[in-house]
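In: Could you work out the structure for the sequence below:
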Amino acid sequence: MWLVAALLAAGGSCPAAGTNAAPSRLTVAILTFQNQTGDPEAGHWRFKIGGLLGDQLAEAKELRPVPAKFGYQQLKLKRGDPINAEQARKIGELVEARVVWGAYRRAGENWLVTARVLNVASGKTSGEIKAASGDWYEVRDQLGDQVLKELAVEPTTAERERMRRRGTSSPSALEWYSKTYAEQEERTPRAEQEVSIRKALAADSQYADAYGVLAAVLGNQGQAGPAEAAVRQGIKLRPDDTRLHQVLAFALMFQGKFEQAEKELREALRHDPDATEALSRLGECAAQQGELDQAITLWNEAKRLDPTDPGVRAHLGNAHAKKRDREEALRELKEAVRLDPEDVGAEQMIWQGYAALHEIPLALEHLEKFIALARKEGAQPKLVDQMEENGRELRARLTPHEMAVSPPTEYTRQSLELTLRKRLTAAEYQQVVNPLASTPAMDRWAQELTRGATNDLDRARKIFDALARHLDTGEVGTRTAEEVFAVWNDPAQSFCCQEYAKLYIALARAVGIRAYYVHLERDYSGDIVFHVCAAVFIGEKALLVDPAYQWFGAPHKEYTVLDDVQAVAHHFYQPSTNGNAVARCRLAAKLYPDTAWGQLHLTGALINAGEFIEAGKTLKLAQQLEPGRWDCATCQGFLAIKTGDLDGAAASLRKALELNPEYGPSHFMLGVVHSKQHDLEAARDEFRLALMHGTMLPSDERERATRAIAEINELLPGK
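Out: Prediction:
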């Protein structure tokens, strides 16, 4: 809901940390180091430096390294790019961890690595840490000692002994291992990874870690037997290595040897009880053996340890879908996509989860994404071929659905102008734009798109196909059809649902199709949405055309087909940088007063303008128009916060979340209320839910939520 952006700015934040107590096990994220050598051939070390340091720090049981990949994705940063302290802090907030980041270069025969350590909650950054040596393990040891000092962690004697272990005595083997490590991070084809890791083993046949990587590469190409043989060789060399036991379990699972795989995974957990991947694989074993509840328990524990792992979330989503727990399944599947939209393993589970929910368009979308990623990475060809066959079956089920709805009042250009002039003042009329209006250039494009079509249905479909090829769906936008058309071919542009719909309607009308604007509140799956699509009427047929959902003839559930006066009003109810929000909404209310959705937008504008009494009156009107709406309760909660009624705000927001539990702004504001009431655990839970369901959450509120979580983590050690 757009009103949140301005209104939340008055909300509270969590109190500043008042204790230096550390959590029982401190989480730390090591960012990708920046290559300052000027030599692209040395670029692979940017990943391996963090890998060496992370593996070493993991031996200290007071520390738990966590991945930072999600933070990079959210900030749209490329790993290895220069990172400043503020960016490092934001990444740390996103993954809920202290942060280590730095750079490396050559200094004669030596490698010179510099780093800093950041306390995310306080913002305190260490001085520069330096390490220099021609030996990467020596660099690791120098860095590790200083990082431990900055983190105030003192390992035991046994832990220090394990920290000093070297994977190989061969610099050449380490370099080829590092190159393979980088290839894995950059998702190069598995065949290329195999070449690199075999060169590492050629340089040192006693390199246990390299056998593990070779096994993983082979297994992902469907060579389970050779993978098992390779990793068993590694375990002979290092029997207490958690990662090697995990890889062996992976190879055994591919061969259906689930009991043996489970034994290896429990051995991995014996060496590291917090091994997230081992827990996740145990969940897979349980699921394969029909123990779905046990699998969910294991995946939930893995999620607790690493809430940013998309594979774990995808497994949970698929499992809940199989148990017909629709809400929980959708929550986890959406979160998996948010965490990493290009994780091939997660995509395999995501599409299966959506298929189990009979969400065919989403299943097909993620199946096609899985196939593309798997082909690119050289994953098991037989599996990918089977997935393509599944895709053909899904596609056949996507047939258009006719809807039982009548067309609204039809306006000509002249009758629309006359109606607008009658209902508006002269000054208001001067502000009005028709968001569905076309131009000669748009008309020509519509003619080009429909060339060769023999009837209106074919023409409507051709225009839809053209728009659906623009795959990016952006955040909320309110551009008119003409404005969207003007930037359509700009690859940097993305469009939201209402912008797609406006352009579609304008183009369809240009070739004589009766097309109208549709306000939608529940989609085909029954989910509550703020959404817009188009309706076309062809003979006796009525179809909902939804370019944003990529569905021609979508069977949406709750919608209103608007006439053009109502469409103009809908446009002016939306947020805009053009004009005063209250004035725009009041103009819209003159044109379309009997819509609860619109009156709530006016309520929000009035709240943000500080007109609380008038906002209360408008809110009551919305409640009368449509009693029991969830967003009426949300607005009631926001208004209560502004007037200082925290108990009333909490009650209203809880009611709103009972009706619509996936609306991020409601969770955020409830978190603010809890923090003002000094219930920090409840506040943290709500802030995390706000981020999970953050589609409608403005970016500054996302930042406030992540910062609040970091502050609460410092205040509530170990919880």
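
In: What separation do you get for the closest residue to A609 other than its chain neighbours and I607?
Out: Using C-beta to C-beta, 6 or more residues apart in numbering and skipping residues adjacent in sequence, the residue nearest A609 is V582, 5.2 Å away. Where you see a C-beta, it was placed from the backbone N, CA and C, and this is true even at glycine. From V582 across to I607, the span is 10 Å (C-beta to C-beta, to the nearest Å).

In: With neighbour numbers in mind, choose between the two.
Out: I607 (25 against 17; other C-beta atoms under 10 Å).

In: what about the closest residue to F254 other than its chain neighbours, how many neighbours?
Out: Leaving aside its chain neighbours, F254 sits nearest to A224 (3.7 Å; criterion: C-beta to C-beta, 6+ apart). Neighbour count of A224, defined by other C-beta under 10 Å: 20.

In: what does T409 give?
Out: 12.

In: go on, L151?
Out: 20.

In: what are the ranges of the strands in the stretch 401-550 of the chain?
Out: 514-522, 528-538, 541-546 (DSSP state E, counting those that start in this stretch).

In: Could I get the buried residue list for the shortest one?
Out: Read that as strand 541-546. Buried residues in strand 541-546, counted by 16 or more other C-beta atoms under 10 Å: 542-546.

In: Redo those residues as TSV? Include distance to K382 and pLDDT.
Out: Formatted as TSV, the buried residues of strand 541-546 follow (distance: C-beta to C-beta, whole Å; pLDDT from 0 to 100):
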residue	distance to K382	pLDDT
A542	44	94
L543	39	96
L544	39	96
V545	38	95
D546	35	91
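
In: Can you say which of the strands of the stretch 401-550 of the chain is nearest to Q73?
Out: Comparing these by their distance to Q73 (C-beta to C-beta), the top pick is strand 528-538, with 24.3 Å.

In: Tell me how far the closest one lies from the chain's centre.
Out: Remark: strand 528-538 is offset 25 Å from the chain centroid, using C-alpha atoms, centre = their mean, to the nearest Å.

In: One more: stretch 508-527?
Out: 27 Å.

In: got the buried residues for that stretch?
Out: By neighbour count with 16+ other C-beta under 10 Å, stretch 508-527 contains the buried residues 508-511, 513-521, 523-525, 527.

In: That stretch: end-to-end distance?
Out: 28 Å (C-alpha to C-alpha, to the nearest Å).

In: for stretch 394-402, same thing?
Out: 20 Å.

In: hmm, back to that, and the residue nearest to A609, how close does it get to G610?
Out: Distance of V582 to G610, computed by C-beta to C-beta: 10 Å.

In: re the thing from before, please render the buried residues of strand 541-546 as JSON lines that adds distance to K199 to the earlier fields.
Out: Putting these into JSON lines (distance: C-beta to C-beta, whole Å) gives the following:
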{"residue": "A542", "distance to K199": "63"}
{"residue": "L543", "distance to K199": "58"}
{"residue": "L544", "distance to K199": "57"}
{"residue": "V545", "distance to K199": "55"}
{"residue": "D546", "distance to K199": "51"}
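
In: ok, these vs L305, which is closest?
Out: Out of the buried residues of strand 541-546, the member with the shortest distance to L305 (by C-beta to C-beta) is D546, at 38.9 Å.

In: wait, the closest one sits on C533?
Out: Yes: using C-beta atoms under 8 Å, D546 is in contact with C533, at 4.0 Å.

In: shared neighbours of those two, which are they?
Out: 497, 501, 554, 556 (C-beta atoms under 8 Å, 6 or more residues apart in numbering).

In: Is it possible to get a markdown table of those that adds pLDDT, distance to V213 and neighbour count?
Out: Formatted as a markdown table, the shared contacts of D546 and C533 follow (pLDDT from 0 to 100; distance: C-beta to C-beta, whole Å; neighbours: other C-beta atoms under 10 Å):
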| residue | pLDDT | distance to V213 | neighbour count |
| --- | --- | --- | --- |
| C497 | 91 | 44 | 21 |
| A501 | 96 | 49 | 32 |
| A554 | 90 | 45 | 24 |
| H556 | 93 | 48 | 23 |
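
In: Closest to E62 out of those residues?
Out: Closest to E62, out of all of the shared contacts of D546 and C533 and judged by C-beta to C-beta, is C497, at 48.4 Å.

In: distance of P627 from E558?
Out: From P627 over to E558 (counting by C-beta to C-beta), the distance is 15 Å.

In: the more surrounded of these two?
Out: Neighbour comparison, P627 and E558: the larger count goes to E558, with 12 against 9 (by other C-beta under 10 Å).

In: In space, what's closest to that one - neighbours in sequence excluded?
Out: Using C-beta to C-beta, 6+ apart and skipping the chain neighbours, the partner closest in space to E558 is R522 (3.8 Å).

In: so that neighbour makes contact with T560?
Out: No: R522 is beyond contact range of T560, at 11.5 Å (criterion: C-beta under 8 Å).

In: Now do the contacts for the residue positioned nearest the centre of the chain.
Out: With distances taken as C-alpha atoms, centre = their mean, the chain has R338 as the residue nearest its mean C-alpha position (1.3 Å). Each residue near R338 by C-beta under 8 Å, 6+ apart is listed here: 692, 694.

In: Then the one 3 residues further on?
Out: For P341, the contact set (C-beta under 8 Å, 6+ apart) comprises 73, 369.

In: Please apply the same query to the one 10 residues further on.
Out: If a contact means C-beta under 8 Å, 6+ apart, then W351 has 362-367, 369-370 as its contacts.

In: neighbours around the residue lying closest to E128 once chain neighbours are set aside, how many?
Out: Nearest residue to E128, sequence neighbours excluded (C-beta to C-beta, 6+ apart): T114, at 5.4 Å. T114 has 18 neighbours, counted by other C-beta under 10 Å.

In: Tell me which helix or strand T114 sits in.
Out: For T114, the element it lies in under DSSP states H and E is strand 110-118.

In: Name the residues of that strand that are buried.
Out: 111-118.

In: how about CSV for the residues you listed, with distance to E41 and pLDDT added?
Out: Formatted as CSV, the buried residues of strand 110-118 follow (distance: C-beta to C-beta, whole Å; pLDDT from 0 to 100):
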residue, distance to E41, pLDDT
W111, 14, 97
L112, 17, 97
V113, 17, 97
T114, 21, 97
A115, 22, 97
R116, 26, 97
V117, 29, 97
L118, 30, 95
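
In: Which of those residues sits closest to D443?
Out: The closest of those, once distances to D443 are taken by C-beta to C-beta, is L118, at 56.3 Å.

In: That closest one against A88, yeah?
Out: Yes: using C-beta under 8 Å, L118 is in contact with A88, at 5.2 Å.

In: which residues are common contacts for the two?
Out: 99, 101.

In: quick one on the thing from earlier: ok, residues contacting the strand holding T114?
Out: Residues contacting strand 110-118 (C-beta under 8 Å, 6+ apart): 33, 45, 49, 85, 88-89, 92, 98-106, 124-134, 136, 139, 143, 146-147, 150-151.
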